[in-house]
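Participant: After the sequence you'll find the predicted model.
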Amino acid sequence: MATNTTARRSQQERTRATTGALVAAARELFIEDGFSATSLDAICARAKVTRGAFYHHFSNKEQIFREVYAADQKKLAATVRQAFQAEQDPWDGMFAGCRALLEASLEPAVRQITLLEAPGALGWSAMRDIQAGCKDQMRRGLAIAIEAGCIPDRPLDPATSLLYGGICETALDIARAPDQQTALADALTELRHLLSGVSGHTTPGCAHNPLS
């Protein structure tokens, strides 16, 4: 029994190592050359695995891009969550989380994978499915802000879609802007005005953050 368990664990470790190497190699190449110009042979060569090993874990280039994109979305979600939790006031946390997401659009890897390559490689429907966790995270932030009295009670679904959609579109604009720093600064100024309008107060008046 112990031998079988050890063998299964070793096989799982080898599988994780192979898939990890393939995803890491694919991500590097997608950043360097773009999705269209990256070949499966190049991914396999970078990962030091055979083409057969690739097809054992992934069916095509689109599937491995999806894995790369999903992993990057999880990292972005963690960055946003940490920014939110760092603020005592939930509405300050909402601004901090949105700011973290917009600032991430300046990072070359995020810009290339998440904002420039993903629409063509995956399509908007698949992207939205993968982003669902990030959108739910924003919905929860709004719910916390309402509970804490930062903003008036309101239907969460349309409020979430309007704010999340606007942030995603703005991130894309920043990534494509000739002067990204100016575009980011302008976007953050407008974001403050927008959130102030939603709350009805120039300065948030909440006293606690349940996620802290």
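Facilitator: It's in.

Participant: can you give me the helices in the protein?
Facilitator: For the chain, the helices defined by DSSP state H occupy 2-33, 40-47, 51-57, 61-85, 90-104, 108-110, 118-122, 124-147, 156-176, 180-199.

Participant: now those helices in CSV, with mean pLDDT and mean neighbour count?
Facilitator: The way it works is simple: take the backbone N, C-alpha and C, and place the C-beta from them, glycine included. Shown next, in CSV, are these (pLDDT from 0 to 100; neighbours: other CB atoms under 10 Å):
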stretch, mean pLDDT, mean neighbour count
helix 2-33, 83, 14
helix 40-47, 97, 17
helix 51-57, 94, 14
helix 61-85, 94, 18
helix 90-104, 94, 22
helix 108-110, 89, 15
helix 118-122, 92, 18
helix 124-147, 91, 16
helix 156-176, 92, 17
helix 180-199, 94, 15
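
Participant: residue contacts, the most centrally placed residue in the chain?
Facilitator: The chain has Gln73 as the residue nearest its centroid, 2.7 Å off, counting by CA atoms, centre = their mean. By CB atoms under 8 Å, 6 or more residues apart in numbering, the contact set of Gln73 is 114, 130-131, 133-134.

Participant: mind running it again at 10 Å?
Facilitator: With contacts taken as CB atoms under 10 Å, 6 or more residues apart in numbering, Gln73 has the following neighbours: 113-114, 118, 127, 130-134.

Participant: From the chain's centre, how far out is stretch 108-124? Work that out for me.
Facilitator: Chain-centre distance of stretch 108-124: 11 Å, with CA atoms, centre = their mean, to the nearest Å.

Participant: got it, and stretch 184-195?
Facilitator: 20 Å.

Participant: Export only the CA atoms of it, formatted as PDB.
Facilitator: What follows is stretch 184-195 as a C-alpha-only set of coordinates in PDB (Å, rounded to 0.1, in the frame of the first residue of the first chain):
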ATOM      1  CA  LEU A 184      -3.100  56.200 -15.100                       C
ATOM      2  CA  ALA A 185      -3.000  59.400 -13.200                       C
ATOM      3  CA  ASP A 186      -6.000  60.800 -15.100                       C
ATOM      4  CA  ALA A 187      -7.900  57.500 -14.600                       C
ATOM      5  CA  LEU A 188      -7.300  57.500 -10.900                       C
ATOM      6  CA  THR A 189      -8.500  61.100 -10.600                       C
ATOM      7  CA  GLU A 190     -11.700  60.200 -12.400                       C
ATOM      8  CA  LEU A 191     -12.100  57.000 -10.300                       C
ATOM      9  CA  ARG A 192     -12.100  59.100  -7.100                       C
ATOM     10  CA  HIS A 193     -14.800  61.400  -8.600                       C
ATOM     11  CA  LEU A 194     -16.800  58.300  -9.600                       C
ATOM     12  CA  LEU A 195     -16.600  56.600  -6.200                       C
END
